[in-house]
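Novice: What follows is a predicted structure for the sequence shown.
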Amino acid sequence: MRKVVVSVLIDLPAEHPYHRATLNALQHASTHHGLTPEVRVMGTDAIEDVDEVVGPGTAVVIGPGSPYRNQDAAHGVVQAARERGVPLVGT
Amino acid sequence: MLVEHARSLIGLADASHAEYGDEGTPVITLLACSLQDQTITVELTPRSRLARLYGKESATERTTCSYGLAPSLQRIASECGMRVAAIDETGEVRAVERVDHPFFVGTLYQPQLTSAPGAPHPVFVGLLRAAAFEAAIGR
């Protein structure tokens, strides 16, 4: 089985309560399923290649905290996930 | 998600989010009454993916949203493969999902704020379940 990778797009700083809550929610669900996904946290302005965010075996979480620093990159990730059948939740 | 949906599938090439300025057709607009730091009740659409995940007809959620789907464009949440998954007490769209996708959910509330150890939020449970399935079949 391919390892589950979760890309978390969030522009809020790591110490922000909503940032922490997003990662905590992933941890709660991971524990529920007995999974240990690789979680990759990145700001929208750090996205250089959509394929690195929306690759095979990947799920995507769009965190709260708009406006995004790079709206076009965020839309690119959403479009790629939609077209490729990659699980995504936008919050 | 809804801006990308509007641009790519609805045909509103200039769809925009009002938070970024006045240009284009605003799909996401400032709520008449801000839901910043509010607790709301959402009514889940029967037989939707979200309703199955929650296993109930309604839920209490927290929201930090000051913006929402424009009242005049609520219809786009039910077009081109998207469907309304939850509405709030005013009848406005609070969650959407794609019917043609393994898991593609957008919430106009913040499910992570009500998740807890031993009580994971259904949206995140569903996301990881879908991711694990896709990984298991090699996609």
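Specialist: Nice, I can see it.
Novice: residues contacting residue 38?
Specialist: Defaulting to chain A. Listed by C-beta atoms under 8 Å, 6 or more residues apart in numbering or on different chains, the contact partners of A:Glu38 are A:3-6. For glycine as for every other residue, the C-beta is placed from the backbone atoms N, C-alpha and C.
Novice: other chain: chain B
Specialist: B:Gln38 makes contacts with B:62-63, as judged by C-beta under 8 Å, 6+ apart.
Novice: one step back: quick check: PyMOL command selecting the buried ones in the contacts of A:Glu38.
Specialist: Applying 16 or more other C-beta atoms under 10 Å in any protein chain shown to the contacts of A:Glu38 leaves a buried subset, and the PyMOL line that selects it is:
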select buried, chain A and resi 4+5+6
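Novice: so which of the contacts of A:Glu38 are also by chain B?
Specialist: Contacts with chain B within the contacts of A:Glu38, as defined by C-beta under 8 Å from any C-beta of the partner chain: A:3-4, A:6.
Novice: Tabulate those residues in JSON lines, adding columns for secondary structure and pLDDT.
Specialist: Output for the ones next to chain B among the contacts of A:Glu38, formatted as JSON lines (DSSP: H, G, I helix; E, B strand; the rest coil; pLDDT from 0 to 100):
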{"residue": "A:Lys3", "secondary structure": "coil", "pLDDT": "86"}
{"residue": "A:Val4", "secondary structure": "coil", "pLDDT": "92"}
{"residue": "A:Val6", "secondary structure": "strand", "pLDDT": "97"}
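Novice: Turn those into a markdown table, columns for distance to B:Leu108.
Specialist: Output for the ones next to chain B among the contacts of A:Glu38, formatted as a markdown table (distance: C-beta to C-beta, whole Å):
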| residue | distance to B:Leu108 |
| --- | --- |
| A:Lys3 | 31 |
| A:Val4 | 26 |
| A:Val6 | 21 |
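Novice: Correct me if wrong: B:Leu31 contacts B:Ala70.
Specialist: No - if you go by C-beta atoms under 8 Å, B:Leu31 and B:Ala70 don't touch, sitting 10.1 Å apart.
Novice: coming back round to it: ok, so of the contacts of A:Glu38, who is nearest chain B?
Specialist: A:Val4 (4.9 Å; C-beta to the nearest C-beta).
Novice: can I assume that closest one is in contact with A:Pro56?
Specialist: No - assessed by C-beta under 8 Å, A:Val4 is found out of contact with A:Pro56, at 10.9 Å.
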